[in-house]
Every structure is written in structure tokens, then in C-alpha cells.
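Colleague: Any chance you could fold what I've pasted below:
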Amino acid sequence: MGRKQAFTRSELLDQTKRVLLEYGYEGFQLKLLSKSLVGARSTIYQYYANKEEIVAACMKRSMENVLQKASAIDETECMDALQHLLDVYLEEADFHQLLGYAHKINKANSAAAAHDLEFVEQAHVTLKSQLERLFARAQEEGHLNTSIPLPAIIGVFFNLIETPNMMNIPTPQWSKLLYQMWLGGVGRR
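Modeller: The predicted structure is shown next:
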């Protein structure tokens, strides 16, 4: 009799993300997750002790990906950097849904989950600082209307991520179109 194929940590986290996005945190169960993986359910426990750990690890991996892409953006020209950040956030649009589950994780159940969530929180602060810095520069350099408070400008910018792509155009083109519409509303005339 042959051995059952095992899955990698990466495959496990990919499926965790898929199940979380489909069923939400409350609907996420390790039994449900194991049905989408090749191999024994017990293999999950070789990587993570419980639901909290695997969900926190999934969030951390998603945050690492976003942080890596956002950190690589050249900030020399603040408006170009904002366009590229929108590209990143649209490519990783489901990332924000995942972050919404962070407060549901009981950190007391797992030191590993608590550690991963601490990373997620710190990385979120880093991303927020980057945005605030770029928006402040854009306003100082006269690219944005100074009569509109920065929190309002940033809020509208973030809502672009949730705008449905009803034209089904590729993400880079969609991002450019959204950016142009956003800038037309807050740009200097």
C-alpha cells in the first residue's frame, strides 16, 4: 500500500486562505480545510496546533507579501508611488478581508498565533505610515486639494479597493482607471 501524499506548509496556507475567504472565520473548520488537501488531516497538526495558529499564520503570510511589495515601491515621486500602492492593494484585495478576522482570534490559545498577529499589527502600522507620508507629501507638493482633510482623502482612496470591477478588465488597467477617477475628485484644478 502506498503512502498518502502530504502537503506542504505553503499549500496548507493557500488552502487556508481560500477556505477563510469562502466561509469566513466562523465557518472555517480544520475538518473543512482538510477536505481540500491531499493527505491526512493529522498532517495539519504537524504544522499548526489549532485554528488560531493556522489562521494567524495565513494572515502573517499575506501581510508579508503586501509589505514586501509596498516596501519595494520607489517613493521618489509621491503620486507615482500612490498609483503603485493602489496596484498592490488591488492585487491583494482579499487581504483586507483576512485582516478583519484578526480581532476574532483568541491570542491566549496560542503563543504562536499571538506572535504572528503582533507581526501583522506592526506591519499594518508600517503600511499606514507609508500611506500617510505619501499623502502628506502629495498635499505639500500641491498635487492634492488642501481644503480636503487628509483622512477623507485616504478613506476614499482605500474604498477604491472595494470597487467592483464590473468591466472585468485586468487589475493593472482597473487600478489605473480607479486612480484617475480618484485623482479627478481630489486633485487640484
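
Colleague: Tell me where this protein has helices.
Modeller: For the chain, applying DSSP state H gives helices covering 9-27, 30-35, 44-47, 51-71, 78-91, 94-99, 111-140, 150-159, 171-186.

Colleague: Quick one: closest of the ones you listed to residue 165.
Modeller: helix 171-186 (5.0 Å; CB to CB). Where you see a C-beta, it was placed from the backbone N, CA and C, and this is true even at glycine.

Colleague: what's next to the closest one, contact-wise?
Modeller: 79, 82-83, 86-87, 90-91, 144-145, 148, 153, 156-157, 160, 163, 165, 167, 169 (CB atoms under 8 Å, 6 or more residues apart in numbering).

Colleague: how about 10 Å then?
Modeller: Contact with helix 171-186 is made by 79, 82-91, 93, 135, 138-139, 143-145, 148, 152-153, 156-157, 159-161, 163-169, 187, as judged by CB atoms under 10 Å, 6 or more residues apart in numbering.

Colleague: pLDDT of it, averaged?
Modeller: If you average the pLDDT over helix 171-186, you get 87.

Colleague: got the angle between it and helix 111-140?
Modeller: 50 degrees (axes from the mean of the first three to the mean of the last three CA atoms, to 10 degrees).

Colleague: Tell me the buried residues in helix 171-186?
Modeller: Of the residues in helix 171-186, 174, 175, 178, 179, 182, 183, 186 count as buried by neighbour count, 16 or more other CB atoms under 10 Å.
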